[in-house]
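S.K.: give me a 3D structure for the following:
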Amino acid sequence: MPNSNAYIHDRSYYHRPKVVSEQGPLSASESKAIIERLEARSGKTDILGRHLAFEQAISGSPLVMGNKVTLLENGGETYRAMLAAIEGATHNINIETYIFDDDKIGNEFANALIAKQQQGVQVNIIYDGWGSVLTRDSFFERMRSSGIRLVKFDPVDPFATGFRWSPLHRDHRKLMVVDGALAITGGINISAVYSSGLTVKHEKPSEEVLKTWRDTDVQVEGPVVPEFQELFIANWEQQGGAPLRFADYFRAPENKGYEIVRVLGSVPEEFSTIYVTLISAIRNAETDVCITDAYFAPDPQMIEALEGAARRGVDVRLLLPGHTNEPLIGAAARSNFSELLEAGVKIYLWQGEMLHAKTATIDGVWSTVGSSNLDWWSIARNDEINTVVLSVRFGKEMDASFMRDLENSRQIEFAQWQQRSVLERIEEAISGSLEPLL
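M.R.: Presented below is the predicted three-dimensional model:
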């Protein structure tokens, strides 16, 4: 686990934020002016001062302006956007996913991708060897026989990789890049658990989403898309994929909107910039912190940051699953509730089938949507990807989405929580002690 305290308090890690437009890097004075205008629209906030300076230094990833970011809620909306992007592709499609199921949704995607490959659009797919372990080989072979190139990330079978076998290293990213111009990323795998249908919009979406998995993605267009493309190609090459010609996958950047975006990718060989930047953002929060997390088994650094923000008057809200497909992580999350509630953190439990989103919004201007959870495995052992958006407009959308989710959630009150049974407390204590393994 990264030592966030050491990084955050080391002044050598603080530099002026580097801002890039479609025409290239801006000067220090131009970058400062951009940040000052954003501060003026959102209210003076240290998120845009101390935090950005720190984040720039540890990630090396620039703030890229001129992007259009579209919030995608749940499988149906995200899948419609993905299939529309696939349909409109003219050169190439890159997909990286943890789970690619051979169910109704998976086959719908496979058919669409095969059709584009037959039209001359090159399709490249990375799927995780463990996440997709239940998917039949014949499903992938059908795509491969059409000309689609596929790479299995760190196969579970030790004989498939020789000396490179790494069963604990998983690719948990979810990313699609089309023609080097559009990226869709977040927490959504390709699986029917997310959506009962793609074409029907239900009259009561709040009721429908309770029956499927609640998740969040973003569609990004603009000069930042090459940052997503670089992460895909790095993993493609590292896993032995066929060489990809640079000119085919990187296009001249175009201004598409007004959002400032940073792309953060993490790998186990390096400390998680995603995790450290989130802790830094929480510590610099002034008004509110809204976090949604599917697998909440944090280390003491995150607990300290959340409690510290709540105690200094920040409105800290956590939205976590009421039901989970990982019982140990669910109990480990609950083992932290008493301490968090006592510090003033507000905790809500989603009442639907499964909450799988991984998002955060701080002070209404700093937002992140991604694949990274707040458990040790995600932070220390997985390849993850998060999109950070600096935008008052997008921050309002994220806050509105969070508040809608609270309508389908139950708030945990401290007095009520203290009355839980002895058996529940024992389960929490055991699971909490196992958090470093989760």
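S.K.: which helix or strand lies directly C-terminal to the helix or strand encompassing residue 236?
M.R.: Applying DSSP states H and E as the criterion places residue 236 in helix 225-238. Using DSSP H and E, the helix or strand that follows helix 225-238 in sequence is helix 246-249.
S.K.: touching the helix or strand following that following helix from outside, list them.
M.R.: Downstream of helix 246-249, the first helix or strand assigned by DSSP H and E is strand 259-266. For strand 259-266, the surrounding residues in contact (CB atoms under 8 Å, 6 or more residues apart in numbering) are 19, 34, 38, 55, 59, 61-65, 67-69, 173, 220, 222, 224, 227-228, 231, 272-275, 277, 370, 372, 379, 382-391, 393-394. From N, CA and C alone the C-beta is placed, and that goes for glycine too.
S.K.: filter the residues you listed to the buried ones?
M.R.: Using 16 or more other CB atoms under 10 Å as the burial test, the contacts of strand 259-266 include 19, 34, 38, 55, 59, 61-65, 67, 69, 173, 220, 222, 224, 227-228, 231, 272-275, 277, 370, 372, 379, 382-391, 394 as buried.
S.K.: so who does the closest residue in space to residue 135 that isn't next to it in sequence touch?
M.R.: Leaving aside its sequence neighbours, residue 135 sits nearest to residue 102 (CB to CB, 6 or more residues apart in numbering; 4.9 Å). Contact analysis of residue 102 by CB under 8 Å, 6+ apart lists 110, 135, 136, 139.
S.K.: shouldn't the first one be in contact with residue 138?
M.R.: No. Distance between residue 110 and residue 138: 11.1 Å, which falls outside the contact criterion (CB atoms under 8 Å).
S.K.: ok, the two, which is more surrounded?
M.R.: Using other CB atoms under 10 Å, the more surrounded residue of residue 110 and residue 138 is residue 110, with 20 against 8.
S.K.: show me how the chain divides into domains.
M.R.: Here the domain parsing of the chain from automatic domain parsing is 4-64+263-437, 70-249.
S.K.: can you tell me which residues contact residue 222?
M.R.: Residue 222 sits next to 22, 64, 66, 67, 68, 253, 254, 255, 256, 257, 259, 261 when contact means CB under 8 Å, 6+ apart.
S.K.: mind redoing it with 10 Å?
M.R.: Each residue near residue 222 by CB atoms under 10 Å, 6 or more residues apart in numbering is listed here: 21-22, 64-69, 181-183, 253-259, 261.
S.K.: look at it and report its pLDDT.
M.R.: Residue 222 is assigned a pLDDT of 96 by the prediction.
S.K.: can you check residue 5 too?
M.R.: The model reports residue 5 with a pLDDT of 69.
S.K.: mind checking how far residue 302 is from residue 272?
M.R.: Counting by CB to CB, to the nearest Å, the gap from residue 302 to residue 272 is 11 Å.
S.K.: low pLDDT regions in this structure?
M.R.: 1-16, 50-51, 53-54, 56-58, 160-164, 195-209, 437-438 (pLDDT under 70).
S.K.: rerun at 80
M.R.: Scanning the chain with the threshold set as pLDDT under 80 gives 1-18, 39, 43-60, 158-167, 195-211, 269-272, 327, 428, 431-438.
S.K.: the residue nearest to the spatial centre of it bridge partners, please.
M.R.: Central residue of the chain (CA atoms, centre = their mean): residue 370, 0.8 Å from the mean position. Beta-bridge pairing for residue 370 (DSSP bridges): residue 386.
S.K.: give the buried residues for stretch 142-149.
M.R.: Buried residues in stretch 142-149 (16+ other CB under 10 Å): 142, 143, 148, 149.
S.K.: contacts for it, please.
M.R.: The contact list for stretch 142-149, computed with CB under 10 Å, 6+ apart, reads 93-95, 100, 102, 107, 109-111, 113-118, 120-126, 136-137, 140, 150, 236, 241-242, 244.
S.K.: ends of it, what's the gap?
M.R.: Criterion CA to CA, to the nearest Å; first-to-last residue distance in stretch 142-149 is 11 Å.
S.K.: what's the answer for stretch 216-234, then?
M.R.: Here the two ends of stretch 216-234 are set 25 Å apart, with distance taken as CA to CA.
S.K.: coming back round to it: and which of the buried residues of stretch 142-149 is nearest residue 248?
M.R.: For the buried residues of stretch 142-149, the closest approach to residue 248 (CB to CB) belongs to residue 149, at 12.8 Å.
S.K.: and that closest one, what are its bridge partners?
M.R.: residue 124.
S.K.: how close does it get to residue 113?
M.R.: Between residue 149 and residue 113 the computed distance is 11 Å (CB to CB).
S.K.: identify the contacts common to the two.
M.R.: 123, 125, 143.
S.K.: can I get these in a markdown table including distance to residue 315?
M.R.: Putting the shared contacts of residue 149 and residue 113 into a markdown table (distance: CB to CB, whole Å) gives the following:
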| residue | distance to residue 315 |
| --- | --- |
| 123 | 45 |
| 125 | 42 |
| 143 | 47 |
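S.K.: re earlier: in strands, which of the contacts of stretch 142-149 appear?
M.R.: 93, 94, 95, 122, 123, 124, 125, 126, 150 (DSSP state E).
S.K.: show me the contacts for the last one.
M.R.: Going back to what we said before, that points to residue 150. Shown in contact with residue 150 (CB under 10 Å, 6+ apart): 95, 100, 123, 124, 125, 126, 127, 140, 141, 143, 144, 241.
S.K.: is it true that the fifth one touches residue 86?
M.R.: In other words, residue 125. No. Counting by CB atoms under 10 Å, residue 125 stays clear of residue 86, with 11.9 Å between them.
S.K.: didn't residue 294 look like it was pressed against residue 318?
M.R.: No. The criterion here is CB under 10 Å, and residue 294 misses it with residue 318 at 11.8 Å.
S.K.: so for the two, which sits in the more crowded spot?
M.R.: Higher neighbour count among residue 294 and residue 318: residue 294, with 26 against 22, using other CB under 10 Å.
S.K.: assign the more buried one to helix, strand or coil.
M.R.: In three-state terms, and counting by DSSP: H, G, I helix; E, B strand; the rest coil, residue 294 is coil.
S.K.: how much space between it and residue 241?
M.R.: The gap separating residue 294 from residue 241 is 29 Å, by CB to CB.
S.K.: next one: residue 194
M.R.: 27 Å.
S.K.: the two - which one has more neighbours?
M.R.: residue 194 (23 against 17).
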